[in-house]
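Chemist: Got a sequence here, can you model it:
(2 chains)
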Amino acid sequence: MIPRSVLAGQGGVLDAVGATRAMTSVLGIMLFLTVLAGALGLAALGVSERLDRRLANRITVQLVDGNPAARDRAAAAALAALRARPDVVRAAPVGQEELRRLLRPWLGGETAADALPIPAMIDADLADGAALAGVRAAVLAAAPDARVDAQAAWMAPVARVMDLSVALAAAMVALTGAATLAVVALSVRAGLEAHRATIEVMHMLGSTDLQVARLFQRRAGLDALTGGGLGGLAGLAMAWAGGTQLSETGSELLGDGALSAGDWFLLACLPFLFAGLAALAARRAVMADLRRTL
Amino acid sequence: MSEPRAIVQFDNVGLRYGMGPETLSDVSFALMPGAFRFLTGASGAGKTTLLRLLYLAQRPSRGVIQLFGEDAVTMSRDRLPAFRRRIGVVFQDFRLVPHLSTRDNIALPLRVAGLPEAEVEQPVREMLAWVGLTDRADARPATLSGGEQQRVAIARAVVGRPELLVADEPTGNVDSDMAERLMHLFDAMNRMGTTVVIATHDLHLIGRVTQAEVMRLVRGRLLDPAGLHRHPAGTSA
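Modeler: Residues are numbered from 1 along each chain as shown, chains lettered A, B, ... in the order given. Next comes the predicted model:
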């Protein structure tokens, strides 16, 4: 085993030539972008999953009638029809006060919101596998003017945007990963050229290809960890700052995008993953090159 | 009792680069264990090329090379490192690793061979003392004179006590006193059993090793494959 102090790092067989220094900087930028893309993807995935969970089996029954008494009767009938069904897990009316509170910011003041007739609404959660058509038919039989909406249907465009964001982020992570490997391969090739004479001497002294490859592998891994670590830290800080800003908006939807501890762990692992990939790419490139020599 | 086998055996070895003329032609010779052989010849005669074949930096275009009893021509790449570790090489242009100190350059063959650090320090210290570079142990090659670099290259070649020592003009850059000391080192190693092959122009050098034999290369052909005894100094070279 050749000591690390001799074969890598300062004063080692492989000095830090320009190409490796450049690689460190480029990998820093790559990791910064990758962590941001990863954070975006994980946040979008979180929103998408929570939306799915929240909306998958939820329906809203809306009863619009100018006559409050008739509206309340229809609402009571619809609620009773829902509660009578075994495939409805929960059914609860949304109180008029709650609806008025929700409408006030949009209608511009208490007077306007209070003066308008407001439909009666019922939120219901269906059991897994329940058929919406059957539930709708039961509600309409009890209250013919009722409107039954699956919440997933009107949130579908948002869910599609979230899914697209996840796919884009995954593609960005994959592309930056591929670009990182390409940078490492180019850097290793430059390093091989720069150290050709040293490698030849090492061979003449009896070094195996693996021993030489390990030098480059260690150097590439350390450089990637240095650059990637700095870039990754900057990316994590930026993702944290962005997450904080989003949570301060008070939006329930955006709040769902807050990263979990597992997400942060995954993002923190990226520099190490890239360093491992860089080391592996360096090893393969060197071994392939050395096989062409005696 | 069986006769000792040659440590090196060349049979009709030829080397040609591309479509050009042969650099070496019909080279045949044998080195028995413990031999001390000088290789002489004018510049361009093929001395360095022959040495490159000896230390497995190159394969011949034709012929057979037996090294330590094995066919070095068809030997697989994977087996070469183990054989190279049995050979010490002093390159004409030193080829020191520029980013390593004198001490680490000398230690390199031992570390490549996988010796633990505890077993590296003492032989390196001895070699530093032997070549008179103890006070330059931490210097980088770029800060050493040509003669000092040459001494480091020699120390690196012999520190692992190789079975075969191959040196290309090993005293070309040192003064006569140091040349004498280095030749004593080669002589001492040879007396301890190391087979030594030295390419040189220096006839005086040849005169300093009484047991040495001489082979002459002329335009890629070996004139004295058996090795002429060169006593008295320089007359046969």
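Chemist: gap between the closest residue in space to residue B:46 that isn't next to it in sequence and chain A?
Modeler: Leaving aside its sequence neighbours, residue B:46 sits nearest to residue B:220 (C-beta to C-beta, 6 or more residues apart in numbering or on different chains; 4.3 Å). In short, each C-beta sits where N, CA and C put it, glycine included. Residue B:220 sits 21 Å away from chain A, taking C-beta to the nearest C-beta, to the nearest Å as the criterion.
Chemist: Could you do residue B:16 as well?
Modeler: From residue B:16 to chain A the distance is 16 Å (C-beta to the nearest C-beta).
Chemist: Provide a list of residues in contact with that residue.
Modeler: B:22, B:23, B:61 (C-beta atoms under 8 Å, 6 or more residues apart in numbering or on different chains).
Chemist: Please report phi then psi for the first one.
Modeler: Residue B:22 has phi and psi values of phi -70, psi 130 when expressed as degrees, to the nearest 10.
Chemist: Likewise for the last one?
Modeler: Dihedral pair for residue B:61: phi -80, psi -30, per degrees, to the nearest 10.
Chemist: Model confidence score at it, please.
Modeler: What the model reports for residue B:61 is a pLDDT of 93.
Chemist: try residue B:90
Modeler: 91.
Chemist: Using ChimeraX, make a named selection holding only the buried ones among the contacts of residue B:16.
Modeler: Buried residues among those (16 or more other C-beta atoms under 10 Å in any protein chain shown), as a ChimeraX selection:
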select /B:22,23
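Chemist: I'd like to know how many residues surround residue A:87.
Modeler: Residues within reach of residue A:87, counting by other C-beta atoms under 10 Å in any protein chain shown, total 16.
Chemist: Let me know whether it touches residue A:130 as I believe.
Modeler: Yes - shown here, residue A:87 and residue A:130 form a contact pair, counting by C-beta atoms under 8 Å, at 3.7 Å.
Chemist: List, one by one, the residues from the stretch 51-200 of chain A near chain B.
Modeler: Applying C-beta under 8 Å from any C-beta of the partner chain, we find that the stretch 51-200 of chain A lies next to chain B at A:197, A:198, A:200.
Chemist: mind running it again at 6 Å?
Modeler: Residues of the stretch 51-200 of chain A lying close to chain B (C-beta under 6 Å from any C-beta of the partner chain) are residue A:198.
Chemist: Can you show me the strands along the stretch 51-200 of chain A?
Modeler: Secondary structure of the stretch 51-200 of chain A by DSSP state E, counting those that start in this stretch: the strands cover A:58-63, A:88-94, A:120-126, A:147-150.
Chemist: Show me what the second one is packed against.
Modeler: Using 3 or more C-beta pairs under 6 Å, 6 or more residues apart in numbering or on different chains; DSSP states H and E as the contact criterion, the elements in contact with strand A:88-94 are helix A:68-83, strand A:120-126.
Chemist: How many neighbouring residues does residue 46 have?
Modeler: No chain in the question, so chain A it is. Neighbour tally, residue A:46, other C-beta under 10 Å: 19.
Chemist: actually chain B
Modeler: By other C-beta under 10 Å, the residues close to residue B:46 number 25.
Chemist: Regarding the residue of chain A found nearest chain B, what is its secondary structure?
Modeler: At 3.4 Å from chain B, residue A:206 is the closest residue in chain A, using C-beta to the nearest C-beta. Recorded secondary structure, residue A:206: coil (DSSP: H, G, I helix; E, B strand; the rest coil).
Chemist: again, but for residue B:44
Modeler: Of the three states, residue B:44 takes coil according to three-state DSSP.
Chemist: And it, how close does it get to residue A:277?
Modeler: Using C-beta to C-beta, to the nearest Å, residue B:44 is found at 49 Å from residue A:277.
Chemist: Tell me the secondary structure at the residue nearest the centre of chain B.
Modeler: Most central residue of chain B, judged by C-alpha distance to the mean C-alpha position with C-alpha atoms, centre = their mean, is residue B:166 at 1.1 Å. Of the three states, residue B:166 takes strand according to three-state DSSP.
Chemist: Spell out which residues of chain B are next to chain A.
Modeler: B:81, B:84, B:85, B:89, B:95, B:97, B:99, B:104, B:108, B:109, B:111, B:112.
Chemist: give me every residue that touches the second one.
Modeler: Contact criterion C-beta atoms under 6 Å, 6 or more residues apart in numbering or on different chains gives A:206, B:56 as the residues in contact with residue B:84.
Chemist: Just the pLDDT for it.
Modeler: 93.
Chemist: swap in the last one?
Modeler: In the predicted model, residue B:112 carries a pLDDT score of 90.
Chemist: you'd agree it is up against residue A:203?
Modeler: No - if you go by C-beta atoms under 6 Å, residue B:112 and residue A:203 don't touch, sitting 9.6 Å apart.
Chemist: Am I right that residue A:287 is in contact with residue A:211?
Modeler: No - here residue A:287 does not reach residue A:211: they are 11.2 Å apart, not a contact under C-beta under 6 Å.
Chemist: Among these two, which residue is more densely surrounded?
Modeler: When neighbours are counted by other C-beta under 10 Å, residue A:211 comes out ahead of the other of residue A:287 and residue A:211, with 19 against 15.
Chemist: any idea which element that one lies in?
Modeler: Assigned by DSSP states H and E, residue A:211 falls within helix A:209-247.
Chemist: More neighbours: which of residue B:44 and residue A:277?
Modeler: residue A:277 (19 against 12).
Chemist: host element of the more buried one?
Modeler: Here residue A:277 sits within helix A:261-290, counting by DSSP H and E.
Chemist: For that helix, buried residues please.
Modeler: Residues of helix A:261-290 classed as buried by neighbour count (16+ other C-beta under 10 Å): A:263-264, A:267, A:270-271, A:273-275, A:277-279, A:281-286, A:289-290.
Chemist: What ranges in the chain fall below the confidence cut-off?
Modeler: In the absence of a named chain, this looks at chain A. A:1-21, A:108-115, A:250-257 (pLDDT under 70).
Chemist: Chain B is the one I meant
Modeler: B:1-4, B:227-237.
Chemist: Report how many residues lie close to whatever residue of it ends up closest to chain A.
Modeler: Taking C-beta to the nearest C-beta, chain A has its nearest neighbour within chain B at residue B:85, 3.4 Å off. Here the count is done by other C-beta under 10 Å, and residue B:85 has 19 residues near it.
Chemist: Got the phi and psi for it?
Modeler: Backbone torsions for residue B:85, taken as degrees, to the nearest 10, come to phi -70, psi -10.
Chemist: hmm, back to that, the helix holding residue A:277 and chain B, are they touching?
Modeler: No - Helix A:261-290 stays clear of chain B (C-beta under 6 Å from any C-beta), getting no nearer than 9.1 Å.
Chemist: show me where chain B has strands.
Modeler: Using DSSP state E, the strands assigned to chain B run over residues B:8-16, B:22-31, B:36-40, B:62-67, B:70-71, B:87-90, B:164-168, B:195-199, B:213-218, B:221-222, B:228-229.
Chemist: hey, which helix is longest across chain B?
Modeler: helix B:176-191 (DSSP state H).
Chemist: Please give the centre-to-centre distance between that helix and its chain.
Modeler: Mean-position distance between helix B:176-191 and its chain equals 13 Å (C-alpha atoms, centre = their mean, to the nearest Å).
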